[in-house]
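K.L.:
Predicted coordinates and the sequence they were generated for:
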Amino acid sequence: GDSVTQMEGPVTLSEEAFLTINCTYTATGYPSLFWYVQYPGEGLQLLLKATKADDKGSNKGFEATYRKETTSFHLEKGSVQVSDSAVYFCALLDGSSNTGKLIFGQGTTLQVKP
Amino acid sequence: EPEVTQTPSHQVTQMGQEVILRCVPISNHLYFYWYRQILGQKVEFLVSFYNNEISEKSEIFDDQFSVERPDGSNFTLKIRSTKLEDSAMYFCASSEASSQETQYFGPGTRLLVL
């Protein structure tokens, strides 16, 4: 079945460092891809998405490009802030599904130190 | 900005008791979902719901679980006889006119079964 794999955490960075969180997927169809963020004590918030190959999603300085050839959707940010500390989830939505089932990766915890 | 709300935020119950988790999706959304996240694990799909019936359910969603949209605003998840392993954070989500639309998540209900 479809699946999402994320890099293991936690990732610890200093403020203003460059961030990459790797995400790869396995899917039979042509999925839409998402990054959700979960701040401490809160629910999941959509960070960005891409719906087809070569699309780039971006929001709040974060970017991710849908790479069909490598089945990847890595999350990047050029300069992280302490306020970016959270758990980041990569997810896919099967393009052939009409039920809206999101499949999540295991989450990657990011800790940004001042 | 419209948001998904969930009540209660926390619930503690005894094993074998029934619990009902409540959600108010975004008002013009037509697709509704429940997910759960056991502490430290992936967010897992439980069920999707459209047009007053279940569209898809996971293996987790056995006969102990049911969902209902009792009126025009609420969407509920009932667990008939809770088990220790039902302890988790339960997230409700909703999406607009299509199951392929972005899903917006509520803040979650943390359920603890003793």
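P.N.:
That came through fine. Numbers count the residues shown, from 1 in each chain, chains lettered A, B, ... in the order given.

K.L.:
Where do the strands of chain A begin and end?
P.N.:
Along chain A, counting by DSSP state E, strands occupy A:3-6, A:11-14, A:19-21, A:23-26, A:32-38, A:44-50, A:56-59, A:62-65, A:75-77, A:86-93, A:102-104, A:108-113.

K.L.:
out of those, nearest to B:H29?
P.N.:
strand A:44-50 (13.8 Å; CB to CB). Bear in mind the C-beta positions are built from the backbone N, C-alpha and C, glycine included.

K.L.:
what lines up beside that closest one in the sheet?
P.N.:
Applying DSSP bridges, strand A:44-50 is found paired with strand A:32-38 (antiparallel).

K.L.:
what angle do the partner strand and strand A:86-93 make?
P.N.:
160 degrees (axes from the mean of the first three to the mean of the last three CA atoms, to 10 degrees).

K.L.:
tell me the average confidence for strand A:32-38?
P.N.:
Averaged across strand A:32-38, pLDDT comes to 94.

K.L.:
Ok, stretch A:10-20 next?
P.N.:
Throughout stretch A:10-20, pLDDT has a mean value of 96.

K.L.:
any low-confidence regions in the chain?
P.N.:
All of this refers to chain A. Along chain A, the parts satisfying pLDDT under 70 run over A:95-97.

K.L.:
not quite, I wanted chain B
P.N.:
In chain B, residues with pLDDT under 70: B:99.

K.L.:
Pick out the residue closest to the middle of it.
P.N.:
Centroid check for chain B by CA atoms, centre = their mean gives B:W34 as the closest residue, at 3.3 Å.

K.L.:
Which residue, neighbours along the chain excluded, lies closest to that one?
P.N.:
Closest residue to B:W34 apart from its sequence neighbours, by CB to CB, 6 or more residues apart in numbering or on different chains: B:L46 at 4.3 Å.

K.L.:
now the one you found: how far from A:T26?
P.N.:
21 Å (CB to CB, to the nearest Å).

K.L.:
Neighbour count for those two, which is higher?
P.N.:
Per other CB atoms under 10 Å in any protein chain shown, whichever of B:L46 and A:T26 has more neighbours is B:L46, with 22 against 13.

K.L.:
residues in contact with the one helix or strand the more buried one maps to?
P.N.:
Using DSSP states H and E, B:L46 falls within strand B:43-50. With contact meaning CB atoms under 8 Å, 6 or more residues apart in numbering or on different chains, strand B:43-50 is reached by A:44, A:89, A:91, A:99-104, A:107, B:30-38, B:54-58, B:60-61, B:65, B:67, B:69, B:75, B:77, B:90-91, B:99.

K.L.:
Just to check, A:Y36 is in contact with A:L48?
P.N.:
No: applying CB atoms under 8 Å, one finds A:Y36 not in contact with A:L48, separated by 9.3 Å.
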